[in-house]
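Participant: no sequence for this one, just the structure:
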Ligand SMILES: [Zn+2]
């Protein structure tokens, strides 16, 4: 009835004669919906993978040997590639990451010689001996050489016949490369008194990801941007000098051949142990008795791994090796005697990390988790991470819990690291906050994730949007933009914007569950979170991840009026920063009392000024915004009003 009366009233008003056209504006509010790729049956509006979701698969068999005289690796590899896409493929792209160490590479131009992600002047790269298709039956059975085109760290292989939807291709190739000493701080080798220690990764040609959003993902490996890989099963055999120990992604398939009876017994005990057990003690390092008896100068270590996106390994003659167990998984550390003595706690740190992330977010799915000390400062691979051998104390805990956190992002949740570093580095840095809080029983985060600290950086004007592809971020700011900012944003969302940790955790767990072993995009994450949280967070995703908008909340003035119903205070608030936030207010009265009030972010719907009215018990003498300093406010000077 009321609605009808309003309509009639409007109709009865005399028609205005416009002299000029009225202003015509679009929605420019920070609250306008974030525009994301149209949802469909592949990726749904809820953020779920849809009923038509598909993903390619690549299974690998690799036979490789390490020549310690020339520091080179020679390998033969079979890739079994399953085309689950609806497309007929006529070529595949392979990733030849070692080609970053060719003198003419784009990465060599991009990184100063001494930069972290450079090769420090090393010249190497892959030599591909052959690449051919394997035909197992029919008239054309045999090996068919494939034509290839090299494009830097990518190589296009022309298939000998089109690969139809649902079809499989089997390729085999042989390759070799010299291991750089400093492999972009992701792999390499270092000489210790006991000999060379090798950390081997990006060590076999890998098929690029073909997906629904971009087709072939052919971004060059430039050093700073990490990886985007398909899932598959691996069967890997690595031949090394007899005196070496090998740590690798996967389950050791031939312990009888490469371990002593004593080591096998110790490992069997360790996997059931909460505390660390020596497999090769410091006193035993380099002793002949640590290697099985035999005449051959080499041993071949055989590993198998299921449903992983990569394989890496480390080898040295002088490893101390210890282990424990958690939930059936073998937790292991390998470190040289020259490592910081705190490495004796590495397995304890690793076990805490795997247990903490398993209990809080998603159960660790793999049979082992390994921390290796070596020249690489911190780098992650499925089931195995490389952490700097000089690291100790909180630094060693921090790098260990960070690299092992990557087992969840991106090893389980297989996002595109090269395009969206914030989806692995940022999400991982976020879960690291709680791992450290749990280990050290700290009350508040140390280092990353502190909104007030972030505000200081943002106020410096150096901020960049985390949505930038990893290689486009200023290398000096990578840690701030792709690690700290997204981690701080999620911490802020969980602790202070929602201020509902259970609701956040349920939604974040659902994101991991939905996208485990899959390839989520930013839209899949934003949608899944909104779906689970029951919130439209367009304003937050846009301001925090796509832009460099800052938070600046202010109390401009306070007025009071008194009538027969009592005293009412009008608090004139503003939000001159482009990024709106909920407002936490503390209102102080002349009688010494105070009220804490939370105003929702929706108060800024009509613009960046808002008047909050409230009945007050006494004269208002002070109003403070965000007294807990929970929000990343870049100008705190305007947060407080004091009665003049
Ligand atoms: Zn990382």
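Facilitator: Nice, I can see it. Because the structure is a prediction, the values reported are computed rather than measured.
Participant: contact partners for residue 411?
Facilitator: 308, 309, 310, 380, 381, 382, 383 (C-beta atoms under 8 Å, 6 or more residues apart in numbering). Yep, even glycine has a C-beta here, placed from its N, CA and C like the rest.
Participant: report how many residues lie close to residue 611.
Facilitator: 12 (other C-beta atoms under 10 Å).
Participant: sheet partners, orientation included, of the one helix or strand it maps to?
Facilitator: In this assignment (DSSP states H and E), residue 611 forms part of strand 609-616. When sheet partners are counted by DSSP bridges, strand 609-616 sits next to strand 566-574 (antiparallel).
Participant: residues in contact with the closest residue in space to residue 557 that isn't next to it in sequence?
Facilitator: Excluding the flanking residues, the one nearest residue 557 by C-beta to C-beta, 6 or more residues apart in numbering is residue 572, at 4.7 Å. For residue 572, the contacting residues are 555, 556, 557, 558, 559, 609, 611, by C-beta under 8 Å, 6+ apart.
Participant: just the buried members of those residues?
Facilitator: Among the contacts of residue 572, those classed as buried by 16 or more other C-beta atoms under 10 Å are 555, 558.
Participant: helix, strand, or coil at the closest residue to residue 423 other than its chain neighbours?
Facilitator: Counting by C-beta to C-beta, 6+ apart, residue 415 is the residue found nearest to residue 423 once chain neighbours are left out, at 4.1 Å. Secondary structure of residue 415, reduced to three states by DSSP: H, G, I helix; E, B strand; the rest coil: coil.
Participant: could you pull up the contacting residues of residue 415?
Facilitator: Taking C-beta under 8 Å, 6+ apart as the test, what residue 415 contacts is 228, 409, 423, 424, 515, 519, 520, 521.
Participant: do that again at 7 Å, thanks
Facilitator: The contact partners of residue 415, by C-beta atoms under 7 Å, 6 or more residues apart in numbering, come to 409, 423, 424, 519, 520.
Participant: give me the number of residues near the residue nearest to residue 571 when sequence neighbours are not counted?
Facilitator: Nearest residue to residue 571, sequence neighbours excluded (C-beta to C-beta, 6+ apart): residue 612, at 4.4 Å. Per other C-beta under 10 Å, the neighbour tally for residue 612 reads 18.
Participant: thought residue 612 was touching residue 573?
Facilitator: Yes: at 6.0 Å, residue 612 counts as touching residue 573 under the criterion of C-beta atoms under 7 Å.
Participant: domain map for this structure?
Facilitator: Using automatic domain parsing, the domain parsing of the chain gives 57-321, 428-546, 554-642.
Participant: okay, how far is it across the longest one, tip to tip?
Facilitator: For domain 57-321, the separation between the terminal residues is 34 Å (C-alpha to C-alpha, to the nearest Å).
Participant: now the residue nearest the centre of the chain: how far from residue 516?
Facilitator: The centre of the chain sits closest to residue 424, judged by C-alpha atoms, centre = their mean, with a distance of 1.1 Å. Here the criterion is C-beta to C-beta, to the nearest Å. By it, residue 424 lies 14 Å from residue 516.
Participant: which ones are touching residue 517?
Facilitator: Applying C-beta under 7 Å, 6+ apart to residue 517 gives the contacts 231, 307, 412, 414.
Participant: can you tell me the element it falls in?
Facilitator: Counting by DSSP H and E, no helix or strand carries residue 517.
Participant: per-residue confidence for it?
Facilitator: Looking at residue 517, its pLDDT stands at 98.
Participant: about what we covered before: export the contacts of residue 411 to TSV and tack on distance to residue 437, secondary structure and neighbour count?
Facilitator: As requested, these are exported to TSV (distance: C-beta to C-beta, whole Å; DSSP: H, G, I helix; E, B strand; the rest coil; neighbours: other C-beta atoms under 10 Å):
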residue	distance to residue 437	secondary structure	neighbour count
308	29	strand	23
309	29	coil	22
310	30	coil	25
380	21	strand	27
381	26	strand	29
382	26	coil	25
383	25	coil	29
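Participant: and residue 356, what element?
Facilitator: Assigned by DSSP H and E, residue 356 belongs to helix 346-360.
Participant: identify the residues contacting whichever helix or strand comes after that helix?
Facilitator: Per DSSP H and E, the first helix or strand lying C-terminal to helix 346-360 is strand 368-374. For strand 368-374, contacts defined as C-beta under 7 Å, 6+ apart pick out 190, 197, 199, 247, 314, 329-336, 339, 343, 346, 350, 354, 383-387, 389, 400, 404, 407.
Participant: any idea of the angle strand 368-374 forms with helix 346-360?
Facilitator: For strand 368-374 and helix 346-360, the angle between their directions (axes from the mean of the first three to the mean of the last three C-alpha atoms, to 10 degrees) works out to 140 degrees.
Participant: list the strands paired with strand 368-374, with their directions.
Facilitator: With DSSP bridges as the test, strand 368-374 is paired with strand 329-335 (parallel), strand 384-388 (parallel).
Participant: will you turn the ones you listed into TSV that also has mean neighbour count and distance to residue 58?
Facilitator: Formatted as TSV, the strands paired with strand 368-374 follow (neighbours: other C-beta atoms under 10 Å; distance: least, C-beta to C-beta, whole Å):
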stretch	mean neighbour count	distance to residue 58
strand 329-335	27	25
strand 384-388	27	19
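Participant: what distance do you get for residue 289 to residue 626?
Facilitator: According to C-beta to C-beta, residue 289 stands 64 Å off from residue 626.
Participant: those two: who's more crowded?
Facilitator: Set residue 289 next to residue 626 and count neighbours by other C-beta under 10 Å: residue 626 wins out with 23 against 9.
Participant: what's the nearest residue to the more buried one if we skip its chain neighbours?
Facilitator: Nearest non-adjacent residue to residue 626 (C-beta to C-beta, 6+ apart): residue 584, at 5.2 Å.
Participant: quick one, what contacts that neighbour?
Facilitator: Under the criterion of C-beta under 7 Å, 6+ apart, the neighbours of residue 584 are 598, 625, 626, 627, 628, 630.
Participant: now do residue 491
Facilitator: By C-beta under 7 Å, 6+ apart, the neighbours of residue 491 are 430, 433, 449.
Participant: generate a PyMOL selection restricted to the buried subset of these.
Facilitator: One line in PyMOL is enough to select the buried members of the contacts of residue 491, burial here meaning 16+ other C-beta under 10 Å:
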select buried, resi 430+433+449
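Participant: out of the contacts of residue 491, list just those in helices.
Facilitator: Those of the contacts of residue 491 mapping onto helices are 430, 433, per DSSP state H.
Participant: nearest to residue 139, out of the contacts of residue 491: which one, please.
Facilitator: The nearest member of these to residue 139, counting by C-beta to C-beta, is residue 430 at 56.1 Å.
Participant: what distance do you get for that closest one to residue 492?
Facilitator: Note on residue 430: its distance to residue 492, by C-beta to C-beta, is 10 Å.
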